[in-house]
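Q: below are the sequence and a predicted model; questions follow.
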Amino acid sequence: MQDLEKIIEGCKKMQRKPQKALYDMYSPILYGMAMRYASHASEAEDMLQEAFISIFQNIRQFKGTGSFEGWMKRILINAAIGYIRKYKKRQFDNFDDVREINMKNFEFSDVDFTKEEMLTAINSLPEGFRLIFNLYAIEGYKHREIADMLGIHIGTSKSQYSRARSMLKTKLIQLEQESKVKE
């Protein structure tokens, strides 16, 4: 932990070696997160680059309270949202009334999927669904927070999450059936 504090202090002074050390230490983690929001690797790399630019520009604002990794993850999420807003047409159905989808007979934990299979299934979701699914199910944001971040209605966030979950369920069931056929 002492090394991280030393690296952060060097980054606050805009020193290149500590910046590289911080990048080397955390880029794999943040890149993995970016891949959940990106359609392909080059988008994830762009998101990661934007995040590190922001991290280095704003590192003086980190006061040492709370998790430094959590602080950087929040910056990555904001960079991903910014990228999607800037370069992609983000489509959200504007439904304020949420139709609950019954998933009582299927839980994601019931089936054994590799990390790669789950990531592939999540990445195959439409852009808006994937964004909200990641923010809610993986990052742990509440629908109100997501709605505020994206400038949408809370009902839209809930609706998109519900639909994303339903689509993911369908994709994972198909994957499970395909693997049984191969056996």
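A: Structure's in. What do you need?
Q: grab the longest helix from the chain for me.
A: The helix that spans the most residues within the chain, counting by DSSP state H, is helix 154-182.
Q: list the buried residues for that helix?
A: Neighbour counts over helix 154-182 (16 or more other CB atoms under 10 Å) mark 154-169, 171-172, 175-176 as buried. Just so you know, the C-beta spots here come from the backbone N, C-alpha and C atoms, and that holds for glycine as well.
Q: what's downstream of the lowest-mean-pLDDT helix or strand in the chain, the next helix or strand?
A: For the chain, counting by mean pLDDT, DSSP states H and E, helix 115-123 ranks last in confidence among helices and strands (a mean of 80). Later in the chain than helix 115-123, the nearest helix or strand by DSSP states H and E is helix 127-133.
Q: show me the domain layout of the protein.
A: As given by automatic domain parsing, the domain ranges for the chain are 2-87, 108-182.
Q: pLDDT of the longest one, averaged?
A: Read it as domain 2-87. For domain 2-87, mean pLDDT is 92.
Q: what about residue 28, distance to residue 48?
A: Distance of residue 28 to residue 48, given as CB to CB, to the nearest Å: 10 Å.
Q: so for these two, which residue has more residues nearby?
A: Neighbour totals were compared for residue 28 and residue 48, and residue 48 leads with 24 against 9 (other CB atoms under 10 Å).
Q: can you pull the contacts of the more buried one?
A: With contacts taken as CB atoms under 8 Å, 6 or more residues apart in numbering, residue 48 has the following neighbours: 27, 30, 31, 34, 76, 79.
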